[in-house]
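>>> Give me coordinates for this.
(one chain, ligands or ions: 1)
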Amino acid sequence: MQLEISSIFAIIGEIVVYTIIFLLIAAIIGSLLIGYSFKTEKFVFPYFMLFSITVLETLVKALFRLGGMNDSIVDKVGIDIKNKISITKFRNTHVNNRLIFFPQCLRAVDCPSKLSPEGMKCLDCGRCEIATAQKTAESLGYQVFIVPGSSFIRRLVRKHKPEAILGVGCMTEIKAGLEMCEKMKLFGVGLVLDKAGCVSTVLNWDDFYEFIELDRTAD
Ligand code: SF4
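As a prediction, this is how the structure comes out:
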């Protein structure tokens, strides 16, 4: 009996050791692929990378820091892969069933807009690019919202019931937003701000217009 218990513990010990070795190897391979994708913008084994980013995030980020690299690369590549996976499904939805969310920090510091249940209401004052972007997107069929936080997004999604979402935000917000889309079974795509912060954030507007106008040029 004594022998049986010790053999069970030995088997459990072996399983634990092999699992740790497997996870470590997976994290190392995942990290190498992520670093390669970041440098070349080529996504090799995207689903394996996504596995290492989502399941082994802490380990992969630790390996990046150990290698003297910025661990935000992991988030960036994760967002790029999720965007790539979602983009076709996003484009297959009707444009009227898509929402765009801008963060309120993208407005001019002296923005005169007022908060409403649907987010900040742009007054087209010309102090920032949002008014033009909103008009362009709405002319294509999108619904556009300027929101102060994720609770607004959740509420507006429940109210408008879209099929797809284009979100603009900092890396952390986009990461959380794409996870939210997965949970809510929506096709989410994220555009990351060039400069994040609490105010006066910066978006590459050319990327934004290129993204929303792609459907029109494809017709
Ligand atoms: S254009 Fe709209 S969002 Fe931008 S500062 Fe003016 S009112 Fe605010």
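
>>> can you list the domain ranges for this protein.
Structural domains of the chain, as assigned by automatic domain parsing, span the residue ranges 2-80, 93-218.

>>> which helix in the chain runs the most residues?
With secondary structure taken from DSSP state H, the chain has its longest helix at helix 2-40.

>>> List the buried residues in it.
Ala26, Ala27, Gly30, Ser31, Leu33, Ile34, Gly35, Ser37 (16 or more other C-beta atoms under 10 Å). Yep, even glycine has a C-beta here, placed from its N, CA and C like the rest.

>>> Which residues are in contact with Leu23?
Leu23 makes contacts with Leu56, Leu59, as judged by C-beta atoms under 8 Å, 6 or more residues apart in numbering.

>>> hmm, try it at 6 Å
For Leu23, the contact set (C-beta atoms under 6 Å, 6 or more residues apart in numbering) is empty.

>>> Distance check, Ser72 against Gly149.
Ser72 sits 22 Å away from Gly149, going by C-beta to C-beta, to the nearest Å.

>>> that older thread, state the next helix or strand along the chain beyond the longest helix of the chain.
helix 46-54 (DSSP states H and E).

>>> buried sites along the next helix or strand after that following helix?
Toward the C-terminus, helix 46-54 is succeeded by helix 57-66 as the next helix or strand (DSSP H and E). When neighbours are counted by 16+ other C-beta under 10 Å, the buried residues of helix 57-66 are found to be Glu57, Leu59, Val60, Lys61, Leu63, Phe64.
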